[in-house]
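Undergrad: Turn this into a structure:
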Amino acid sequence: NRYVDGTVGVFVMYSHDIKLIGNIVANAAGSAGIAFGLKDSGNVTVADNLLVHDQVGIYLDATPQGLGQRVEITGNQLRLCRAGLVFHASGHATTIAGNDFIANDTHSRVDGGGDALDVTWTGNYCDDYAGYDLDDDGRGDVPYELRSWSRTLVDRHPNLEFFTDTPALAMADAATRLDPLFAAKAVLVDPHPRMQPAAPRAGGQEE
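TA: Next up is the predicted model:
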């Protein structure tokens, strides 16, 4: 399917055993813009989708819901989004593998003072990865780590949540990348990042 110029592409709520495969969601705009939303659901597969120029690419809220349930996010392209992947709180029981994160304002964000360190990240391509591949196996030799000083500030001072996604907090993150004087909060770690984008386009066709 193609969902273009809307507010929400697909929102999965109170549902289980759902597969979102081979879709295109573009220009899900506005403050509530979401390409895919997952809330209080479980055993959801999100694979081989193209999510481009959306306010939020994939939003997870209390998903997966119960013990023994999982979420698999694989082979997607998340491009030009304000936030590629957003967790309402700390993520768990989720695998994020083989996705491309390209030209997003932020590749992933965790609201509510949490992180995505308990999420399995592996083999994703992130265009801001600054590592190297000395053995030429196509995977980075050092982990990809996403750290956010702005989230650290918001966690310490909740009133700053009002300034989320504003230039002021973006400049705080940029400053700490240039001069890492303060320890920024770790949001995610991918131990085996890919060096080149390789995810198929929506529908299974190679880009």
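Undergrad: Please spell out which residue in the protein sits farthest from the middle.
TA: When each C-alpha in the chain is compared with the mean C-alpha position (CA atoms, centre = their mean), residue 135 comes out farthest, at 27.7 Å.
Undergrad: doesn't residue 141 make contact with that residue?
TA: Yes. Using CB atoms under 8 Å, residue 135 is in contact with residue 141, at 6.8 Å. The way it works is simple: take the backbone N, C-alpha and C, and place the C-beta from them, glycine included.
Undergrad: thinking residue 51 is in contact with residue 82, fair?
TA: No. Judged on CB under 8 Å, residue 51 makes no contact with residue 82 at a distance of 11.6 Å.
Undergrad: On the three-state scheme, the residue nearest the centre of the chain is what?
TA: Residue closest to the average C-alpha location in the chain (CA atoms, centre = their mean): residue 85, at 2.4 Å. Under DSSP: H, G, I helix; E, B strand; the rest coil, residue 85 falls in the strand class.
Undergrad: any idea how far residue 77 lies from residue 114?
TA: 25 Å (CB to CB, to the nearest Å).
Undergrad: go on, residue 135?
TA: 34 Å.
Undergrad: before we move on, what about residue 50?
TA: Taken as CB to CB, the span from residue 50 to residue 114 is 28 Å.
Undergrad: ok, now residue 29?
TA: For residue 29, the distance to residue 114 - CB to CB - is 26 Å.
Undergrad: if we can go back for a sec, so the residue nearest to the centre of the chain versus residue 104, what's the distance?
TA: Distance from residue 85 to residue 104, by CB to CB: 9 Å.
Undergrad: Neighbour count for residue 77 and residue 114, which is higher?
TA: For residue 77 versus residue 114, neighbours defined as other CB atoms under 10 Å are more numerous around residue 77 (23 against 18).
Undergrad: ok, back up a step: quickly list what the residue nearest to the centre of the chain is bridged to.
TA: residue 58, residue 108 (DSSP bridges).
Undergrad: any idea which helix or strand of the protein has the worst average confidence?
TA: helix 149-156 (a mean of 54; mean pLDDT, DSSP states H and E).
Undergrad: hang on, the earlier thing: test my guess that the residue nearest to the centre of the chain contacts residue 100.
TA: No. Using CB under 8 Å, residue 85 is not in contact with residue 100, being 12.0 Å away.
Undergrad: what touches both of those two?
TA: Here residue 85 and residue 100 have residue 78 as joint contacts, going by CB atoms under 8 Å, 6 or more residues apart in numbering.
Undergrad: Would you mind measuring from residue 142 to residue 133?
TA: As for residue 142, its distance to residue 133 is 10 Å (criterion: CB to CB).
Undergrad: Low-confidence ranges, the protein, go.
TA: 113, 148-184, 199-207 (pLDDT under 70).
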